[in-house]
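Asks: heads up, no residue letters with this:
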């Protein structure tokens, strides 16, 4: 079982990201369970979403305290919330940032991760480029696919298109693909 | 030959049905009337509500050809018509709770609509079930414009449970929860609400007030209401000899006095505007209405007249002015 | 056919296939996605003919369903928590009148303190109103139980509450199979009312009943509930044939063979419990579980049979009966009358506190060693309790306990 936790703020598509990830995994024949941290609707408030992937049906119904993968959609959360809780250096870390782990103050910790398992991806910039606005969730899903290989990029883009029709789906797919390519590029950008 | 006749009713004598063209006679005058509430019910002698409900429902049954369902709130009417295992109702009748008659009626109307039926729906309750505990559901039904005629039988208190104060109880009236104790006994001034005006604020297709004193008027309003679809409201004043403390044979007289002193304006409103208000034929001072009722007896104790009588007169005057129903003094 | 769906959405699609004729709804977290999806299905014509009514309170929501049902229409509504309590009078009324309304309860804690997260206190508050109460152990079962509910309700003239854990199940996105329209149509015939408002044949519904007949009327309500004990398994089998998989039961046993310690629970927590059971079995512990699906009627005989060889029982309660302990545990003890084995009450998951394997495992192990207290509050912060008791002991005006505990929880140590 692979357990993924996504952190961001209300309005950034954190919950949709987990759903799309689960949809992509489903298309590949995996079992996927996606659910949000639950609370009242509020723009800008911290939001966490979760996704479990497995080859077998998933029976567990608890939050993910020891994630294998953490995705940070909004790095401003790093300063105020313990969004990295439970992640070991055996896991994967993906952060939406064009600045790099050093500037985020995480360089020492990230250095303990296995090579290629911690990356920053400029997802907001890619989103601005492809969508015209900094909604980073699709790009980060592409980055996640590249970083972990947990799901294929084609499954991600198919899921995006299934959920969002027309131009919206196309542009988000493009952003995801761009981030995927970036995340597979050597040397490690961050 | 056309026939224009104006009637004057004196006391409880219903005049003139025999002189009228059969087409203009009341439903009650007909042997074919539905008797939607049939005899054998357990109402008090002289009950205004039993009278009012019979008038309303028989008129509605005629207007709809008997294709009618009634939903009833808890209260006097429900209690005295269904002393288990008997029922006085001769139409399909549903009683759920005290405060939800309007919502239940909405459900009945929705079911009929989805089944493609044209059966009409009446919801009915006393003032307690309408202006107080049923207010939320009622406003919801009004706001959605659900196809229900809601009839409130207003006897100005919770009578079935022993005469307690409701938001329809007039100022100064004695009830079991507004006792005559202290310098200003009885119900407090500056409280209460007008359901007809509130109904109008919802811009309903039809709102009307009526009493058991004018049978023709009441039946005409029910008939008119049944020609309209959407949320409609009818507020009927129904004196309660027990709760008001007047002789049981003066129920209709009390209703007439309420009209004639201006305490109960009789009018019709369409889409939130008063369309027609019945002018008072022979204006009466408020005392003529208050004195016969024991619930106001404390205002006339000894030789003095309580100053609140003048305040009640002022309220009546205000109604008359507001609805433009002033008649000759 | 499996699709990756949000459970609430899938519930709405399942309800739609049951062809309700009147749907009325007042929004309350966590049921909102169900009623929103139903409004879409009615608007786009997928669910037709159907009247969808936006009411102004929960009292009205169930009252509209009541009126519709009494007029011969299949009626549905959904609520949770505060909303269920708001409509409590109507809940008793619907059951007392014998109207087959089906309602989803998105289990959520009842305040005060106000809390929007999952526990079973709303269902427990209404357990004796005369409704059939079924608890879904996972998202798939939450769909199937609604189909069973309509059939059961209409056959017996008893309303049914399908309990679906708020957020945990309602907001979960996972592979789900919405039963096909064909299967549902074969399972669920059109509603044939026992009593109906019909001008052609008038009846009076809702008369007062005095001491001379009230007991008999209530006995019949009890009698009808008892029919569920035989009919639910039969109907579940019939539905299973049509949809090609199991679909509900009075209870679901899990690894009971040779189990000396048996855990009893309801709802979604059973998934986590099963994972914990597997881990403990692998470590050699003789432990199993029972997930109760029917809570009302309470399956005394079936549970007694499932627990026949248990040496001890651990009940995971997602509710609290202050001053007593657990409502579920009390009912479980009824099933074990005549047998002197320990029944432990573990109060867990109140107000949405996660129930984790990590917390459950030591509790199960303690029970197996007969070292567990009678009444246990899982994951209780004893230090915070002690501080609050000290605070309120110091002075009279110690303030709202809830605020004190929250501040305490946020204070760095």
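Replies: It's in. The structure displayed is predicted, hence computed values, not measured ones.

Asks: Would you map the helices across the stretch 251-400 of chain C?
Replies: Using DSSP state H, counting those that start in this stretch, the helices of the stretch 251-400 of chain C run over C:269-282, C:300-306, C:327-335, C:357-368, C:382-394.

Asks: Kindly apply the preceding question to chain B instead.
Replies: B:48-64, B:76-81, B:101-114, B:127, B:135-144, B:195-201, B:215-225, B:251-260, B:286-290, B:308-323 (DSSP state H).

Asks: Burial-wise, tell me which of these comes out on top.
Replies: Most buried of the helices of chain B, by mean neighbour count (mean count of other Cβ atoms under 10 Å in any protein chain shown): helix B:101-114, with a mean of 30. Yep, even glycine has a C-beta here, placed from its N, CA and C like the rest.

Asks: Going by contacts, tell me the helices and strands next to that one.
Replies: strand B:68-72, strand B:120-126, helix B:135-144, strand B:149-154, strand C:22-25, strand C:51-54, helix C:58-70 (3 or more Cβ pairs under 8 Å, 6 or more residues apart in numbering or on different chains; DSSP states H and E).

Asks: Listing request: residues of chain C with sub-threshold pLDDT.
Replies: C:412-413 (pLDDT under 70).

Asks: got the helices of chain B as CSV, with mean pLDDT columns?
Replies: Shown next, in CSV, are these (pLDDT from 0 to 100):
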stretch, mean pLDDT
helix B:48-64, 97
helix B:76-81, 96
helix B:101-114, 98
helix B:127, 97
helix B:135-144, 98
helix B:195-201, 98
helix B:215-225, 96
helix B:251-260, 97
helix B:286-290, 97
helix B:308-323, 97
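
Asks: Now distance to residue A:80 too, for those helices, in CSV please.
Replies: What follows is those, written out as CSV (distance: least, Cβ to Cβ, whole Å):
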stretch, distance to residue A:80
helix B:48-64, 65
helix B:76-81, 60
helix B:101-114, 47
helix B:127, 57
helix B:135-144, 43
helix B:195-201, 49
helix B:215-225, 62
helix B:251-260, 68
helix B:286-290, 70
helix B:308-323, 61
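
Asks: So which bits of chain A are right by chain C?
Replies: Contacts of chain A with chain C, taken as Cβ under 8 Å from any Cβ of the partner chain, map to A:18-19, A:22-23, A:26-27, A:31-36, A:38-40, A:58-63, A:65.

Asks: Identify the residues contacting the residue in the stretch 1-150 of chain B that chain C sits nearest to.
Replies: Ranked by Cβ to the nearest Cβ, the top residue of the stretch 1-150 of chain B for proximity to chain C is residue B:107, at 2.7 Å. Counting by Cβ atoms under 8 Å, 6 or more residues apart in numbering or on different chains, residue B:107 makes contact with C:22, C:24, C:53, C:63-71, C:75.

Asks: Spatially nearest residue to it (excluding sequence neighbours)?
Replies: Once flanking residues are discounted, residue B:107 sits nearest to residue C:67: 2.7 Å by Cβ to Cβ, 6 or more residues apart in numbering or on different chains.

Asks: contacting residues for that neighbour?
Replies: B:71, B:94, B:96, B:103-111.

Asks: repeat for residue B:145
Replies: B:204-205, B:230-231.

Asks: mind giving me a markdown table with these and columns for pLDDT, neighbour count and distance to chain A?
Replies: Formatted as a markdown table, these follow (pLDDT from 0 to 100; neighbours: other Cβ atoms under 10 Å in any protein chain shown; distance: Cβ to the nearest Cβ, whole Å):
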| residue | pLDDT | neighbour count | distance to chain A |
| --- | --- | --- | --- |
| B:204 | 98 | 22 | 34 |
| B:205 | 98 | 16 | 37 |
| B:230 | 98 | 14 | 34 |
| B:231 | 98 | 28 | 32 |
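
Asks: Near chain A, which residues of the stretch 201-350 of chain C are found?
Replies: C:268-269, C:271-272, C:274-275.

Asks: Go again with 6 Å.
Replies: Applying Cβ under 6 Å from any Cβ of the partner chain, one finds that the stretch 201-350 of chain C approaches chain A through C:268, C:271-272, C:274-275.

Asks: how deep is residue C:394 tucked in, by neighbour count?
Replies: 8 (other Cβ atoms under 10 Å in any protein chain shown).

Asks: Which residue is the nearest non-sequential neighbour of residue C:348?
Replies: Using Cβ to Cβ, 6+ apart, the closest residue to residue C:348 is residue C:378 (3.9 Å).

Asks: was I right about the one you found contacting residue C:357?
Replies: No: at 11.9 Å, residue C:378 does not count as touching residue C:357 under the criterion of Cβ atoms under 6 Å.

Asks: so where's the stretch 151-300 of chain B uncertain?
Replies: Those would be none, if you go by pLDDT under 70 across the stretch 151-300 of chain B.

Asks: Which single residue of it approaches chain C most closely?
Replies: Counting by Cβ to the nearest Cβ, the stretch 151-300 of chain B gets nearest chain C through residue B:160, at 11.1 Å.

Asks: how near is that residue to residue B:266?
Replies: 26 Å (Cβ to Cβ, to the nearest Å).

Asks: what about these two, which has more around it?
Replies: residue B:266 (24 against 21).

Asks: mind checking the backbone torsions on the more buried one?
Replies: phi -110, psi 120 (degrees, to the nearest 10).

Asks: Excluding residues flanking it in the chain, which one is nearest it?
Replies: residue B:278 (4.2 Å).

Asks: gap between the one you found and residue B:216?
Replies: For residue B:278 relative to residue B:216 (Cβ to Cβ), the value is 11 Å.

Asks: and if you look at residue B:199?
Replies: Taken as Cβ to Cβ, the span from residue B:199 to residue B:216 is 23 Å.

Asks: same check, this time on residue A:54
Replies: From residue A:54 to residue B:216 the distance is 78 Å (Cβ to Cβ).

Asks: ditto for residue C:52
Replies: 41 Å.

Asks: How about the helix or strand residue C:221 falls within, which residues are buried there?
Replies: Taking DSSP states H and E as the definition, residue C:221 sits inside helix C:214-243. If you call a residue buried by 16 or more other Cβ atoms under 10 Å in any protein chain shown, then helix C:214-243 has these buried ones: C:221, C:224-225, C:228-229, C:232-233, C:235-236, C:239, C:242-243.

Asks: Over to stretch A:4-16?
Replies: For stretch A:4-16, by 16+ other Cβ under 10 Å, it's A:4-10, A:12-16.

Asks: Would you check the residues you listed and say which has the weakest pLDDT?
Replies: For these, the model is least confident at residue A:10; its pLDDT is 88.

Asks: got a list of what that one touches?
Replies: Going by Cβ atoms under 6 Å, 6 or more residues apart in numbering or on different chains, residue A:10 touches A:42-45, A:47.

Asks: Right, I'll call it a day here.
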